[in-house]
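Student: need the 3D shape of this:
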Amino acid sequence: MKTAAKVSTLSGRINIGKDTESKLIQAGIDSFEKLEAIGSEKAFLRLQAFDPGACLNLLYGLEGAIEGIKWSELSPEKKHELLQFHKMAKREIKSNIPE
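Tutor: Numbers count the residues shown, from 1 in each chain. Reported below is the predicted structural model:
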């Protein structure tokens, strides 16, 4: 008897394409429910652990997916909050690189 492969519920969501879905699955986030539970910031940190080039738009996209809106429709306050988080996350990555 064959076991059905688990189907991701990620790429059907707004802002999440196949590439982002693949990266999320690599980071251990294989469903929208897991993304929602962990939140955009923690999910971004997981992605950044193996993709240091993870960008601000990815973070915006994750938050937009959770909120069910296009990332460009995030409120200015939410974008500012995420921008500050992104800057902090990038500083953390740079401080952990040996010279």
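Student: quick one: low-confidence ranges for this structure?
Tutor: Applying pLDDT under 70 to the chain flags residues 1-8, 93-99.
Student: apply 80 and report the result again.
Tutor: For the chain, the stretches with pLDDT under 80 are 1-8, 92-99.
Student: where along it do the helices fall?
Tutor: With DSSP state H as the criterion, the chain has helices at 18-26, 32-50, 56-67, 76-95.
Student: TSV for those, including distance to Leu10 and mean neighbour count?
Tutor: Yep, even glycine has a C-beta here, placed from its N, CA and C like the rest. What follows is the helices of the chain, written out as TSV (distance: least, Cβ to Cβ, whole Å; neighbours: other Cβ atoms under 10 Å):
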stretch	distance to Leu10	mean neighbour count
helix 18-26	4	16
helix 32-50	6	17
helix 56-67	8	21
helix 76-95	19	13
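Student: switch those over to TSV; also include distance to Ser11.
Tutor: Formatted as TSV, these follow (distance: least, Cβ to Cβ, whole Å):
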stretch	distance to Ser11
helix 18-26	4
helix 32-50	10
helix 56-67	10
helix 76-95	22
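Student: nearest to Gly12, of those?
Tutor: Closest to Gly12 of the helices of the chain is helix 32-50 (Cβ to Cβ; 8.1 Å).
Student: tell me the angle the closest one makes with helix 56-67.
Tutor: 170 degrees (axes from the mean of the first three to the mean of the last three Cα atoms, to 10 degrees).
Student: right, and Arg13 touches Phe32 too?
Tutor: Yes - with contact defined as Cβ atoms under 8 Å, Arg13 reaches Phe32; the gap is 5.7 Å.
Student: out of the helices of the chain, which is closest to Thr9?
Tutor: Of all those, helix 32-50 sits nearest to Thr9, with 4.5 Å by Cβ to Cβ.
Student: what lies in contact with the closest one?
Tutor: By Cβ atoms under 8 Å, 6 or more residues apart in numbering, the residues outside helix 32-50 that reach it are 9-10, 13, 23-24, 26-29, 54, 58-59, 62-63, 65-66, 82, 85-86, 89, 93.
Student: I am finished for the moment; much appreciated.
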